[in-house]
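> Here's a sequence, model it:
(one chain, ligands or ions: 1)
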Amino acid sequence: MQALFIPKRLRDWQPEHMRGTPRRRCHWCTSGPHRLDELVQVLESPMRFYFCKDACVLLWRQNRHDHVEWLREGAGVRAEILSRYRNAEGGGSGSGVRSVDNVEVSVQEDS
Ligand SMILES: [Zn+2]
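This next block holds a predicted model:
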């Protein structure tokens, strides 16, 4: 009998109620993590997306197909990449989230 292969993310999976207060980053601008009741939920079975505000839902709806690879990454990963970009810029004026367009070209794909 062959051992069943279970991807790590599934092996580590726990029901939501066992993980303490659930928090999510905005799926579009990656702000957060916010508490779930502060987020806008969009259900697209079987997926559920969270956004910090309606404007992010709108932008996501309009642009998601241009950023498929980028959005496939977890919001936490994307937030890290974005903050690295921000730091590389030397702080800047703190104008908030950068355009996703500028970042996407530099995201490495590891199939
Ligand atoms: Zn947002």
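> alpha carbons only for contacts and neighbour counts from here, please
Noted.
> for the chain, what spans make up the helices?
8-11, 54-63, 68-72, 75-88, 100-104 (DSSP state H).
> wait, which of those helices is closest to the ion?
helix 54-63 (4.7 Å; C-alpha to the ion).
> Show me what counts as buried in the closest one.
56, 57, 60 (16 or more other C-alpha atoms under 10 Å).
> Only C-alpha atoms, please: export that helix in CSV.
Output of helix 54-63 as CSV, limited to C-alpha atoms (Å, rounded to 0.1, in the frame of the first residue of the first chain):
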residue,chain,number,x,y,z
ASP,A,54,-15.7,48.1,-1.2
ALA,A,55,-13.3,49.9,-3.4
CYS,A,56,-10.9,46.9,-3.2
VAL,A,57,-13.7,44.6,-4.2
LEU,A,58,-14.4,46.8,-7.2
LEU,A,59,-10.7,47.0,-8.2
TRP,A,60,-10.4,43.3,-7.9
ARG,A,61,-13.4,42.6,-10.0
GLN,A,62,-12.1,45.0,-12.7
ASN,A,63,-8.5,43.8,-12.7
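> which regions of the protein sit below the pLDDT cut-off?
1-3, 14, 16-19, 90-111 (pLDDT under 70).
> Return the residues of it in contact with the ion.
Residues of the chain lying close to the ion by C-alpha under 5 Å from the ion are 26, 29, 52, 56.
> Can I get these in TSV including distance to residue 37?
Converted to TSV, the residues of the chain next to the ion look like this (distance: C-alpha to C-alpha, whole Å):
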residue	distance to residue 37
26	12
29	17
52	10
56	16
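> Which of those are buried, as a PyMOL select command?
In PyMOL syntax, the buried subset of these is picked out as below (16+ other C-alpha under 10 Å):
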select buried, resi 26+29+52+56
